[in-house]
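Colleague: based on what follows, work out the 3D shape:
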Amino acid sequence: MARHGDEQLDMDQIDMSMTFSPAHEVGISCGTVTIDPGRAKVLIIWNNRLQIHQLPKGRRNVEEHWFDTALRETHEETGFTATPLALKVPTRAQLPKRALPNKGKGYKKPEILWDHVSREFIGTCSYPDPQSKSPSFKTVYYWAATCDSNSTPDKDTQDEGENLVPKWIDLVDIEKFLRFGAEVAVVKKAVADMKRSGHKIGEQ
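Modeller: You can find the predicted model right below:
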């Protein structure tokens, strides 16, 4: 046993529960929950190949920042340019010393930041990747964003071979459209974070 503050840590238990995965077996995708708050609509796509509705997302380019991937993939798959939202997203990320009084001297780091406004990701969806020919466990990171649903999308933004149809649907209808329950959950999380951050939804 080792002590961490007032807690005892079981190193053997940590060792047994810890896993390793080589990079080529880890799939990382990023996407957005893009909402038009005034009209209470969310941007989704119809995937003609899979015959399902889903949220826009996609794999990172090499050395690309995950946040940039989310915005790029949303634009490529839908033609719409999403603007990321700064929200009170509960997060385990920590504030840098430069953002703290006295460079953090005497500051006790909280386990979770609850009320700091940031553009942190709002949640993830994880699953074994059924489309991969080799073993891969995929995690999709989502960011909250906004866009005018009445704006005109750019044309010819999708990669060759993609056949995706962007759609704006009413937030109240997400469970009727989205195929995966985890994606429904991430949309609800985005709405909750927007509301607790002071955004009005459905009030033009």
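Colleague: quick one: low-confidence ranges for the chain?
Modeller: 1-7, 103-104, 204 (pLDDT under 70).
Colleague: show me what the lengthiest helix in it is packed up against.
Modeller: In the chain, ranked by residue count with DSSP state H as the criterion, the top helix is helix 181-196. When contacts are defined as 3 or more Cβ pairs under 8 Å, 6 or more residues apart in numbering; DSSP states H and E, helix 181-196 sits against strand 26-36, strand 87-88, strand 123-128, strand 137-146, helix 174-177. Every C-beta, even on glycine, is put in place using the N, C-alpha and C of the backbone.
Colleague: what sits opposite the residue nearest the centre of the chain in the beta ladder?
Modeller: Centroid-nearest residue in the chain, with Cα atoms, centre = their mean: Tyr142, separated by 0.7 Å. Counting by DSSP bridges, Tyr142 is bridged to Gly31, Gly123.
Colleague: verify the contact between it and Trp66 for me.
Modeller: No. Counting by Cβ atoms under 8 Å, Tyr142 does not reach Trp66; the two are 10.4 Å apart.
Colleague: now do the shared contacts for those two.
Modeller: Counting by Cβ atoms under 8 Å, 6 or more residues apart in numbering, the common neighbours of Tyr142 and Trp66 are Cys30, Phe121.
Colleague: where along the protein do the helices fall?
Modeller: Counting by DSSP H, the helices of the chain are 11-17, 66-78, 174-177, 181-196.
Colleague: tell me which of these sits most buried.
Modeller: Stretch with highest mean neighbour count among those: helix 66-78 (a mean of 20; mean count of other Cβ atoms under 10 Å).
Colleague: that one packs against which elements?
Modeller: Looks like helix 66-78 contacts strand 26-36, strand 41-47, strand 57-59, strand 83-84, strand 137-146, strand 164-170 (3+ Cβ pairs under 8 Å, 6+ apart).
Colleague: could you dump stretch 130-139 to PDB, C-alpha only?
Modeller: Extracted as PDB, the C-alpha positions of stretch 130-139 are listed here (Å, rounded to 0.1, in the frame of the first residue of the first chain):
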ATOM      1  CA  PRO A 130     -16.500  -2.700 -36.400                       C
ATOM      2  CA  GLN A 131     -15.300  -1.100 -39.600                       C
ATOM      3  CA  SER A 132     -11.600  -1.800 -38.900                       C
ATOM      4  CA  LYS A 133     -10.000  -4.800 -40.400                       C
ATOM      5  CA  SER A 134      -7.500  -5.000 -37.600                       C
ATOM      6  CA  PRO A 135      -8.200  -4.800 -33.800                       C
ATOM      7  CA  SER A 136      -9.100  -1.200 -32.800                       C
ATOM      8  CA  PHE A 137     -10.900   0.300 -29.900                       C
ATOM      9  CA  LYS A 138     -12.300   3.700 -31.000                       C
ATOM     10  CA  THR A 139     -13.100   6.700 -28.800                       C
END
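Colleague: for that stretch, buried residues please.
Modeller: Using 16 or more other Cβ atoms under 10 Å as the test for burial, stretch 130-139 gives Lys138.
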